[in-house]
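In: What would the 3D arrangement of this be:
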Amino acid sequence: MWFGIHLVRRGVITTDQLFAAVEEQSSRRPPLGELAVRRGKLKMSQVFQILGRQAGERRSFGTIAREMRLLTKRQLADLLLAQTESTPSLSEILVELEFVTQATVDVELVNARDGRVDACLSISSPTRSTTSRSF
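Out: Numbering: from 1, shown residues only. As a prediction, the model looks like this:
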């Protein structure tokens, strides 16, 4: 998301284009329950149990699955990684929607990274007192 904000600030894309790209990216993220069934980690009936609880509570699928002891911490981490890996990046979506070219993405990624490094370097750390104390 930081890259999208960078592009808006630089005038490369509009906020409307950023929101459209984020919505498209979100729509292409596979649901965790679907991945869990496909990978043999959960049965469909278990997914429905989790979804049933999730409907009454405002908590994540993974949190509820862990509380119900249907997924281990490791299994959830693996599923979240698979979900991330199967979701196109924001820059891929922006190019696909023809809001930017790949060349523009490449240049702006360098600019964004340089800007983040510069921002981190400009943060001053408190200086330590060189005065010694005797106790």
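
In: in the longest helix seen in the chain, what's buried?
Out: Ranked by residue count under DSSP state H, the longest helix found in the chain is helix 102-121. Along helix 102-121, the positions that meet the burial threshold by neighbour count (16 or more other Cβ atoms under 10 Å) are 104-105, 108, 112. Every residue, glycine included, has its C-beta placed from N, CA and C.

In: Please apply the same query to stretch 78-92.
Out: Using 16+ other Cβ under 10 Å as the test for burial, stretch 78-92 gives 78-79, 82-83, 87, 90-91.

In: and what of stretch 38-55?
Out: For stretch 38-55, the neighbour count (16+ other Cβ under 10 Å) marks 41-42, 46-47, 49-50, 54 as buried.

In: Nearest to residue 16, out of the residues you listed: which one, please.
Out: Closest to residue 16 out of these is residue 54 (30.9 Å), distances taken as Cβ to Cβ.

In: I'd like to know how far the closest one sits from residue 61.
Out: 6 Å (Cβ to Cβ, to the nearest Å).

In: now swap in residue 110 and tell me
Out: 36 Å.

In: just to revisit the earlier point, restricted to strands, list the buried residues of stretch 38-55.
Out: With strands defined by DSSP state E, no entry of the buried residues of stretch 38-55 lies inside them.

In: could those residues go into a markdown table alongside pLDDT and distance to residue 15?
Out: A markdown table is the format used below for those (pLDDT from 0 to 100; distance: Cβ to Cβ, whole Å):
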| residue | pLDDT | distance to residue 15 |
| --- | --- | --- |
| 41 | 97 | 38 |
| 42 | 98 | 38 |
| 46 | 98 | 40 |
| 47 | 98 | 35 |
| 49 | 97 | 39 |
| 50 | 97 | 35 |
| 54 | 94 | 31 |
